[in-house]
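Q: prediction below, plus the sequence it came from.
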Amino acid sequence: MNLLDKKGFILDIDGVIGRGDKPIIEGVEGVRRLKEAGKKLVFVSNNSTRSRRILLDRLQNFGLDVDEGEILVATYATARYIAEEKKNAKVFTTGEIGLIEELKLADLEVVDYKNAEYLVVAQNRNLNYELITKALRLCLKKDVRYVATNPDRIFPGEDGPIPGTGMLIGALYWMTGRMPDVTVGKPSKIIMEQALSILGLKAEEVAVVGDQIDVDVLAGKNIGATTVLVLTGVTNSENLKSLIERFNLRPDFIFSSLLDLARE
């Protein structure tokens, strides 16, 4: 199979195109080449601290010609999912300003935990004891809908891995025995089906590209798409074998970088 026969690509951002605000040169060039080849692209990120606007600025700062309609981030996907489920819902979140921005844009009401109908758990780099306590109390309420933006255990930061939303999911599970009622981000079908809708393509017409086996590769397999793992993020040449064994999951293709895929 020649990957460049695919009509579209669902591309992860962190660990594929950049690490935080720092571009991955091979990733950026890979995007340019795919665009030059006329491929439809959607950038799908499990980043739970950034809004579409923030990620658009980042990609444009990398020198990429991208518009907001090509970006699907877990914050927006989560807000969209809740708004479709219940208009004007009252939401308490552990998340940062990027998530709060998307929740408000979806006409959801961000409230204190005592008034919330939804608990939205997301990564927060300023996490403190008070925030965890509020999330705990909401999690114990069975009538409160518990939504996680994404399940990532770790996230590729500028200078190495950092804790992801999974840290909070795990802490709440340890305290309450409760897992999220819904997880929106990869590997969930929710965000992936939103991505296919943006592309206007079927799963068999696209390839899913990412740097995490248990997140990106699994997300692609969950919708029946071709899966591609690149070794510029959480997965690298040193831990590749052990991670494949750990998750018992093998991508259809493995490349050193997105540029190597685009050169195929």
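A: That came in fine, so what should we check first?
Q: now the helices for the stretch 1-150 of the chain?
A: 25-36, 52-61, 74-85, 97-105, 129-139 (DSSP state H, counting those that start in this stretch).
Q: next, the angle from the first one to helix 52-61.
A: Inter-element angle recorded for helix 25-36 and helix 52-61: 100 degrees (by axes from the mean of the first three to the mean of the last three C-alpha atoms, to 10 degrees).
Q: neighbouring contacts of helix 25-36?
A: 9, 11, 16-18, 41, 62-65, 230, 232, 256-263 (C-beta atoms under 8 Å, 6 or more residues apart in numbering). Bear in mind the C-beta positions are built from the backbone N, C-alpha and C, glycine included.
Q: give me the buried subset of those residues.
A: Applying 16 or more other C-beta atoms under 10 Å to the contacts of helix 25-36, the neighbour count classes 9, 11, 16-18, 41, 62, 64, 230, 232, 257-262 as buried.
Q: closest to Glu70 among those?
A: Of all these, the one sitting nearest Glu70 is Leu41; the distance, using C-beta to C-beta, is 6.0 Å.
Q: confidence score at the closest residue in space to the closest one that isn't next to it in sequence?
A: Here the nearest residue to Leu41 in space, its sequence neighbours aside, is Phe9; by C-beta to C-beta, 6 or more residues apart in numbering that works out to 5.4 Å. pLDDT for Phe9: 98.
Q: who's in contact with Phe9?
A: Leu34, Lys39, Lys40, Leu41, Val42, Val206, Ala207, Val208, Val209.
Q: which ones among these map onto strands?
A: Using DSSP state E to define strands, the subset of the contacts of Phe9 located there is Lys40, Leu41, Val42, Val206, Ala207, Val208, Val209.
Q: domain parsing for the protein?
A: Listed by automatic domain parsing, the domain ranges of the chain are 3-46+186-262, 86-183.
Q: now stretch 78-89, how far from the centre of its chain.
A: In terms of C-alpha atoms, centre = their mean, to the nearest Å, the gap separating the centre of stretch 78-89 from the centre of its chain is 18 Å.
Q: now the strands for the stretch 151-264 of the chain?
A: Listed in chain order, the strands of the stretch 151-264 of the chain (DSSP state E, counting those that start in this stretch) span 154-157, 160-163, 182-183, 206-210, 226-230, 253-255.
Q: for Arg145, find the nearest of those strands.
A: For the strands of the stretch 151-264 of the chain, proximity to Arg145 was assessed by C-beta to C-beta; strand 182-183 is nearest, at 7.6 Å.
Q: follow-up on the earlier one: and which of the contacts of Phe9 is nearest to Met192?
A: Distance to Met192 across the contacts of Phe9 (C-beta to C-beta) is lowest for Val208, with 7.6 Å.
Q: what residues does that closest one make contact with?
A: With contact set as C-beta under 8 Å, 6+ apart, Val208 has these partners: Phe9, Ile10, Met192, Asp216, Val217, Ala219, Gly220, Ile223, Ala225, Thr226, Thr227, Val228.
Q: now do Met1
A: When contacts are counted by C-beta under 8 Å, 6+ apart, Met1 is found next to Thr226, Asp252.
Q: Ala207 versus that one, what's the distance?
A: Look at Met1 and Ala207: by C-beta to C-beta, to the nearest Å, they are 9 Å apart.
Q: hang on, the earlier thing: so of the domains of the chain, which one's packed in deepest?
A: domain 3-46+186-262 (a mean of 20; mean count of other C-beta atoms under 10 Å).
Q: related to what we said a few turns ago, could the helices of the stretch 1-150 of the chain go into TSV alongside mean pLDDT and distance to Val120?
A: Written out in TSV, the entries for the helices of the stretch 1-150 of the chain read as follows (pLDDT from 0 to 100; distance: least, C-beta to C-beta, whole Å):
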stretch	mean pLDDT	distance to Val120
helix 25-36	98	29
helix 52-61	95	17
helix 74-85	97	6
helix 97-105	96	7
helix 129-139	98	10
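Q: wait, which of those is closest to Val184?
A: Comparing the helices of the stretch 1-150 of the chain against Val184 with C-beta to C-beta, the closest turns out to be helix 74-85 (4.5 Å).
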